[in-house]
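**Student:** Predicted coordinates and the sequence they were generated for:
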Amino acid sequence: MTVLYMPLFRRCTNSRTLTQLHAHLFITGLHSHPPATTKLIESYSQMGNLEFSRRVFDTFPRPDSFMWGVLIKCFVWGGFFEEAISLYHEMVNQSQTQTQTQISNFVFPSVLKACSSFGDLGVGGKVHGRVIKCGFESDAVIETSLLCMYGEMGCLDDACKVFDAMPVRDVVAWSSIILNYVQNGQAREGLETFSRMISLAVVEPDSVAMLSVSEACAELGSLKLGRSVHGFVVRREIEIDASLNKSLIAMYGKLGDLCSAERLFGTVSCLKTTAPWTQMISGYNQSGCFQEAMNVFAEMQEFKMEPNQVTMMGVLFACARLGRVKEGKSVHGFIIRRAMDPELDTLGPALMELYADSGNLRGCHKVFDTITAKTILSWNILLSILVRNGQPEKALLLFVQLQRQGLMPDSYSLASSLSACGDISFSQLGDQIHGYIIKTGKFNEFVQNALIDMYAKCGFVHSAYKIFEKIKEKSVVTWNSMVFGFSQNGYSIEAITLFDQMYMNCVKMDKLTFLSVIQACSHLGYLEKGKWIHHKLIINGLMEDSYLDTALTDMYSKCGDLQMAHGVFDRMWERSIVSWSAMIAGYGKHGQINTAISLFNQMLGLRIKPNDITFMHILSACSHAGAVEEGKLYFNSMAEFGVEPNHDHFACIVDLLSRAGDLNEAYRIITSLPFPADSSIWGALLNGCRIHKRMDIVKSIEKNLLDVDTADTGYYTLLSNIYAEEGTWDEFGKARSMMKSKGLRKVPGYSTIEIDRRIYRFGPGDTSHSQTTDLYRFLENFRTLVHAQGNDSEPDNSIVEFRKENNVMSHSEKLAIAFGIINTRPGTTLRISKNLRVCRDCHSFAKIISQITGREIIMRDLNRFHCFKNGSCSCKDYW
């Protein structure tokens, strides 16, 4: 009798008709029949009323295994995976107490799906054990379900064991194992499995199997393989249904073969459904063809095709990348008019990105506030936007708010918050987030890289390196994070060493890798290593990039090779304002003011507008060369280009005037500043007073000098040295006491020299080197020779200066020069880098030794380059 009512269930199209049928079954007494009750459970679930399904189930006195299985399946369909697992446990307990309830094979596929979707591998393993206990391990459907469960949870080894133990493998099993490999990032192994399936010729692949194979080709980035797979589909006459067509279009889109994607898209069958249109838009976006993506959407409207939410995501993405805010707002209006996502649960994040890319953070916040059911994705998008737009404090407040809403932060939330901590050096909160990560076990690569970056930005490089060392499988992003961390914190040698390890381990390097290591070479003045890296950069095919070319220009100029720097600069396809500024700075630091001015004028001739950095470099160049009038001209012209002078610009103009002896004008500028002068500005005036022996000015501004609140040890060192030179020891003691009270210590000077691609470092009075005895013997012999020259002839100013010796013979510059002369062939150019300003005595020493040995010595100190040759310096003793 119950069978007669089954067609009536199919005619129930809403809850009302189903309730009427339920009432009729109840009156006739058929509701007590298991098939009728089971069908009622399923039907209520399909109407979206799981609560009624459960009530019907609970009113049945002794549900059989099939009824349990249907109820569990209904909960899985509804996405209630934890509840489905609980029902399974309830059923197992009942089967142990009631012998008539035996678990059937129908139950297990739904339970295994619930385990994988809920992410409970422990329960999944126990269910697998019960499958074996019940004797269903050879059931094809259950075996495939086990394959899917283990694959979805990343347990490929367990999935392979299940697959290998299968006595008969149908096309579904082969398709499942291939999909497992692809979804777990092992696309190559997935293709190898597909190849094995074809070679065994046991089963014929279908369109479902080819979905995973085409996805694997896309993941590997192999267009050749992708075309081979497409050809295989055609030769074997495998039906290219809508899903496979969409997958092939997606594959060609990811591989950049838009012509093949367009050919597939142009078939009549494709134009009838939304999916291929959506995939075509996605393919164009992935290839950077955003206008073409917009054109496809326009054609879609002409064909009267109804877009879905995924389509609109692609369209919004294209609008954002094209910077077309007006069109983006129109698309937003289209979404609202069509009521495609009234609560913005799906399209909200894409709209937030659109407004954020146009700089409209207010619009971004409005969209966020409109989203009714804010998922972790919505919070993550806003977090990321705030960090990217330089609002780390607001990002961290949002991170706290997220947790107060009862949401658990995921790896993206944690990574964004760590980035925000790094941006403001908030290491305390960073430490707390690190503790949370350890406690919750959310230690994936994304979070680990964020931790490395955070600690490096906060200056805790050793903490960053500890995390780096513990990562077993390091991606190029992980290596880059650590190389960049070392480089940014002045650990240049460590950055280069890590780069060498990458090279030795054959890690594929990208643009960011080279940018970081080039910066490290710039900091050290490591020319030969820089040239070697430049060579590797060319081999890796990373040339013709404006960022890399600018970094190379900067590196060569800071390493003292202006010819190479200008060569790179001349070969640039596109020169940004940063490129021009780097080249101007290079010539400025080398004292070549005329070339620097010529470049500045060339830049203006090309209608490239100088920015604040450009003006700082040209003013600095004028200061190094003593070009007072030119410096004044550039300083006064800043307003014409809409550049407001900041502390750095005022420090440059005060330094220029002070070095030239116009101390009164320099002081007048300081007193008329629109903001309090900092240590760099007062320090520039102080240095001028030291050069021109104007202690009267120092005494008149003594209160201002001592009131400066700064952590710049160079400022206090300069002030105390001026007092020492004048013999005013009380003031000298005050300056040193201020340093001590602030917990500051004088930065120890050191010098480095590069020989045969190795950097050798020396500190003052250094005795740690294996050639220490030879170095000091050389310096002593040289001093004797200079004294002899001074006695035999009328000494020049440099020799008189050189004779002012206390313990200056052990200065780091002299040790580096001595080491270079001893360990290189006659005539070899020596390249020295000093972390502080070179002292007068060492400057004189370098001039004399260049004259006696016939060597060229290129020395880079804190402020500029000195090229010593034939007893003179390129700075003309103006530094």
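**Tutor:** That came in fine, so what should we check first?

**Student:** Could you use CA atoms for every contact and neighbour count after this?
**Tutor:** OK.

**Student:** can you give me the strands for the stretch 651-800 of the chain?
**Tutor:** Taking DSSP state E, counting those that start in this stretch, the strands of the stretch 651-800 of the chain run over residues 751-755, 758-762.

**Student:** give me phi/psi at the residue nearest to residue 494 when sequence neighbours are not counted?
**Tutor:** Counting by Cα to Cα, 6 or more residues apart in numbering, the nearest residue to residue 494 once its immediate chain neighbours are dropped is residue 486, at 6.4 Å. Geometry field for residue 486 lists phi and psi as phi -60, psi -50, criterion degrees, to the nearest 10.

**Student:** thinking again about what came up before, possible to save the strands of the stretch 651-800 of the chain as JSON lines with mean neighbour count?
**Tutor:** As requested, the strands of the stretch 651-800 of the chain are arranged in JSON lines below (neighbours: other Cα atoms under 10 Å):
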{"stretch": "strand 751-755", "mean neighbour count": "23"}
{"stretch": "strand 758-762", "mean neighbour count": "17"}
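
**Student:** circling back to that earlier point, measure the residue nearest to residue 494 to residue 747 for me?
**Tutor:** For residue 486, the distance to residue 747 under the criterion Cα to Cα, to the nearest Å works out to 19 Å.

**Student:** The residue nearest to residue 494 against residue 462, yeah?
**Tutor:** No - counting by Cα atoms under 8 Å, residue 462 is not a contact partner of residue 486; they are 9.4 Å apart.

**Student:** Show me the strands in the protein, by range?
**Tutor:** Per DSSP state E, the chain has strands spanning 751-755, 758-762, 830-834, 857-860, 865-869, 872-873. These are given in chain order.

**Student:** Provide the contact partners of the shortest one at residue level.
**Tutor:** This means strand 872-873. Contacts made with strand 872-873 from outside it, assessed by Cα atoms under 8 Å, 6 or more residues apart in numbering, are listed as 847, 851, 866, 867.

**Student:** which residues touch the first one?
**Tutor:** Same thing as residue 847. By Cα under 8 Å, 6+ apart, the residues touching residue 847 are 798, 868, 869, 870, 871, 872, 873.

**Student:** Quick one: residues contacting the residue nearest to it when sequence neighbours are not counted.
**Tutor:** Once flanking residues are discounted, residue 847 sits nearest to residue 871: 4.4 Å by Cα to Cα, 6+ apart. Residues counted as contacts of residue 871 (Cα under 8 Å, 6+ apart) are 846, 847, 848, 849, 850, 851, 852.

**Student:** Also residue 325?
**Tutor:** Residues near residue 325 by Cα under 8 Å, 6+ apart: 319, 354, 355, 358.

**Student:** Give me the lowest-pLDDT entry from the residues you listed.
**Tutor:** In terms of pLDDT, the lowest of those is residue 358, showing 83.

**Student:** coming back round to it: mind putting the contacts of residue 325 into CSV with distance to residue 47?
**Tutor:** CSV is the format used below for the contacts of residue 325 (distance: Cα to Cα, whole Å):
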residue, distance to residue 47
319, 38
354, 37
355, 38
358, 43
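
**Student:** Could you turn the buried ones of these into a ChimeraX selection?
**Tutor:** Here is the ChimeraX selection string for the buried members of the contacts of residue 325, based on 16 or more other Cα atoms under 10 Å:
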select :319,354,355,358
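
**Student:** Nearest to residue 95 among the contacts of residue 325?
**Tutor:** Looking at the contacts of residue 325 and their distance to residue 95, the nearest is residue 354, at 55.5 Å (Cα to Cα).

**Student:** that older thread, confidence score at the residue nearest to residue 847?
**Tutor:** For residue 871, pLDDT reads 91.

**Student:** need the helices for the stretch 501-650 of the chain, in chain order.
**Tutor:** Secondary structure of the stretch 501-650 of the chain by DSSP state H, counting those that start in this stretch: the helices cover 511-524, 527-539, 546-558, 562-571, 577-589, 593-605, 612-625, 628-637, 647-660.

**Student:** cool, the stretch 751-879 of the chain as well?
**Tutor:** For the stretch 751-879 of the chain, helices defined by DSSP H, counting those that start in this stretch occupy the ranges 772-792, 797-802, 812-823, 840-853.

**Student:** closest to residue 498 out of those helices?
**Tutor:** Taking Cα to Cα, helix 812-823 is the member of the helices of the stretch 751-879 of the chain nearest to residue 498, at 25.2 Å.

**Student:** Residue 163 is in contact with residue 172, isn't it?
**Tutor:** No - assessed by Cα under 8 Å, residue 163 is found out of contact with residue 172, at 11.3 Å.

**Student:** ok, these two, which is more surrounded?
**Tutor:** Between residue 163 and residue 172, counted using other Cα atoms under 10 Å, the more crowded position is residue 163 (20 against 17).

**Student:** circling back: same list as before, the helices of the stretch 501-650 of the chain that is, but in CSV and with distance to residue 472 included.
**Tutor:** Compiled in CSV, these are given as follows (distance: least, Cα to Cα, whole Å):
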stretch, distance to residue 472
helix 511-524, 19
helix 527-539, 26
helix 546-558, 30
helix 562-571, 38
helix 577-589, 38
helix 593-605, 49
helix 612-625, 42
helix 628-637, 54
helix 647-660, 44
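
**Student:** would TSV of those with distance to residue 312 and mean neighbour count be doable?
**Tutor:** What follows is these, written out as TSV (distance: least, Cα to Cα, whole Å; neighbours: other Cα atoms under 10 Å):
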stretch	distance to residue 312	mean neighbour count
helix 511-524	32	23
helix 527-539	40	17
helix 546-558	34	25
helix 562-571	42	17
helix 577-589	37	25
helix 593-605	43	16
helix 612-625	41	25
helix 628-637	49	15
helix 647-660	48	24
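
**Student:** export these to TSV and tack on mean pLDDT and distance to residue 27?
**Tutor:** Formatted as TSV, the entries for the helices of the stretch 501-650 of the chain read as follows, by pLDDT from 0 to 100; distance: least, Cα to Cα, whole Å:
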stretch	mean pLDDT	distance to residue 27
helix 511-524	93	75
helix 527-539	92	83
helix 546-558	94	80
helix 562-571	94	90
helix 577-589	95	85
helix 593-605	95	93
helix 612-625	94	87
helix 628-637	95	96
helix 647-660	93	90
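
**Student:** looking at those helices, which is closest to residue 501?
**Tutor:** Proximity to residue 501, assessed across the helices of the stretch 501-650 of the chain by Cα to Cα, is greatest for helix 511-524 (12.2 Å).

**Student:** Quick one: residues in contact with the closest one.
**Tutor:** Helix 511-524 is touched from outside by 479-480, 483-484, 487, 490-493, 495-496, 499, 527, 529-530, 533, 537, 542, 547-548, 551-552, 554-556, 558-559, 752, 833, with contacts defined as Cα under 8 Å, 6+ apart.

**Student:** Only alpha carbons, please: show that helix as PDB.
**Tutor:** Presented in PDB, the C-alpha positions along helix 511-524 are these (Å, rounded to 0.1, in the frame of the first residue of the first chain):
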ATOM      1  CA  LYS A 511      62.300  39.400  -8.100                       C
ATOM      2  CA  LEU A 512      61.900  40.000  -4.400                       C
ATOM      3  CA  THR A 513      64.900  37.700  -3.700                       C
ATOM      4  CA  PHE A 514      67.200  39.800  -5.900                       C
ATOM      5  CA  LEU A 515      65.900  43.100  -4.600                       C
ATOM      6  CA  SER A 516      66.700  42.100  -1.000                       C
ATOM      7  CA  VAL A 517      70.200  40.800  -1.700                       C
ATOM      8  CA  ILE A 518      71.100  43.700  -4.000                       C
ATOM      9  CA  GLN A 519      70.100  46.000  -1.200                       C
ATOM     10  CA  ALA A 520      72.500  44.100   1.100                       C
ATOM     11  CA  CYS A 521      75.300  44.500  -1.400                       C
ATOM     12  CA  SER A 522      74.600  48.200  -1.500                       C
ATOM     13  CA  HIS A 523      74.800  48.500   2.300                       C
ATOM     14  CA  LEU A 524      78.200  46.700   2.300                       C
END
